[in-house]
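>>> Structure for the following, please:
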Amino acid sequence: MSKFADILIDPAIVKRATRGDAKAHEILYRAFSAPVYSVCLRFTRVPAQAEDLLQETFIEVIRKIAQFRGDAPVGIWIRRIAVSKALMFLRSAWHARGQSLDDDWEEITFDGRASAAGSQQHDQAMDLDAALADLPAVGRTVVWLHDVEGYTHKEIAGLMGKTESFSKSQLSRAYQRLRPMLGAEIEREDAESAMQNSILSSC
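Numbers count the residues shown, from 1 in each chain. Below you'll find the model as predicted:
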């Protein structure tokens, strides 16, 4: 469940922000900077780049807040700007490498750093973050948008400039890749639990 939906902001604060109140802008930043950074980091996997996108997101928020009409909670509006900034960043990275969103499914991440960390992950407890990190950037993005942020395939298609079928196929392929990784971790945890139960029963 997205953290954005859990953050409640007094409508009076939002109204002040739309009028250019700097204090209200600061309140919005303090309330939403952490989830915005989290979203950006999920997409980029690089803290410095996530920090840059956080700043870009709130520059856009302050620039456009006067246009906010309250049709949806302000957090959802800010989330959409953050996701848009993150996707623009990823598109520029793919474009710089001469790739499209469809290319190179087997590549781990657009910056290639995860492949070096892959061998270390086998020695650590597998969790969802580690499993997602092992996905290609496109698949990771679709899984995060769909399963965590709650976007529909239609919305994801619009954000990525693709079709709903593209979003669905990327999600399906990501699930196929995640299943054995997460399944192995579940088996490990079950084995540890069985061992602990055996030790306790013998006491």
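
>>> quick check: domain ranges of the chain?
Split into domains by automatic domain parsing, the chain comes to 1-96, 100-203.

>>> rank those domains by mean pLDDT and give me the bottom one.
Lowest mean pLDDT within those: domain 100-203, a mean of 66.

>>> Show me the helices in this structure, by range?
11-18, 22-44, 47-64, 74-96, 114-121, 128-133, 137-143, 153-160, 164-202 (DSSP state H).

>>> Against which helices or strands is the third one packed?
Contact partners of helix 47-64 among helices and strands, from 3 or more C-beta pairs under 8 Å, 6 or more residues apart in numbering; DSSP states H and E: helix 22-44, helix 74-96. The C-beta positions use only the backbone N, C-alpha and C, and glycine is treated the same way.

>>> Switch the ones you listed over to TSV; also include mean neighbour count.
Putting the helices and strands packed on helix 47-64 into TSV (neighbours: other C-beta atoms under 10 Å) gives the following:
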stretch	mean neighbour count
helix 22-44	18
helix 74-96	18
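
>>> Ok, which of the ones you listed comes nearest S169?
In terms of C-beta to C-beta, the element of the helices and strands packed on helix 47-64 nearest to S169 is helix 74-96, at 17.5 Å.

>>> Need the contact partners of that closest one.
2, 4-5, 7, 9, 14, 28, 31-32, 35-36, 39-40, 42-44, 49, 53-54, 56-57, 60-61, 64, 68, 100-101, 103, 110-111, 137, 141, 145, 149, 151, 159-160 (C-beta atoms under 8 Å, 6 or more residues apart in numbering).

>>> quick one: G70 and P11, what's the gap?
Remark: distance between G70 and P11 (C-beta to C-beta, to the nearest Å) = 7 Å.

>>> nope, A72 is what I was after
13 Å.

>>> Now the closest residue to A31 other than its chain neighbours. Its backbone dihedrals?
Excluding the flanking residues, the one nearest A31 by C-beta to C-beta, 6 or more residues apart in numbering is I7, at 5.4 Å. Dihedral pair for I7: phi -90, psi 120, per degrees, to the nearest 10.

>>> Pull the contacting residues for I7.
For I7, counting by C-beta under 8 Å, 6+ apart, the contacting residues are 31-32, 35, 75.

>>> Need the max-distance pair from the residues you listed.
Those two in the contacts of I7 that are separated most widely, counting by C-beta to C-beta, are A31 and P35, at 8.8 Å.

>>> Quick check: buried residues in stretch 4-18?
Within stretch 4-18, the residues that count as buried by 16 or more other C-beta atoms under 10 Å are 4, 7, 9, 13-14, 16-18.

>>> could you dump these to a markdown table with distance to L132?
Below are the buried residues of stretch 4-18 laid out as a markdown table (distance: C-beta to C-beta, whole Å):
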| residue | distance to L132 |
| --- | --- |
| F4 | 19 |
| I7 | 23 |
| I9 | 29 |
| I13 | 33 |
| V14 | 32 |
| R16 | 37 |
| A17 | 33 |
| T18 | 36 |
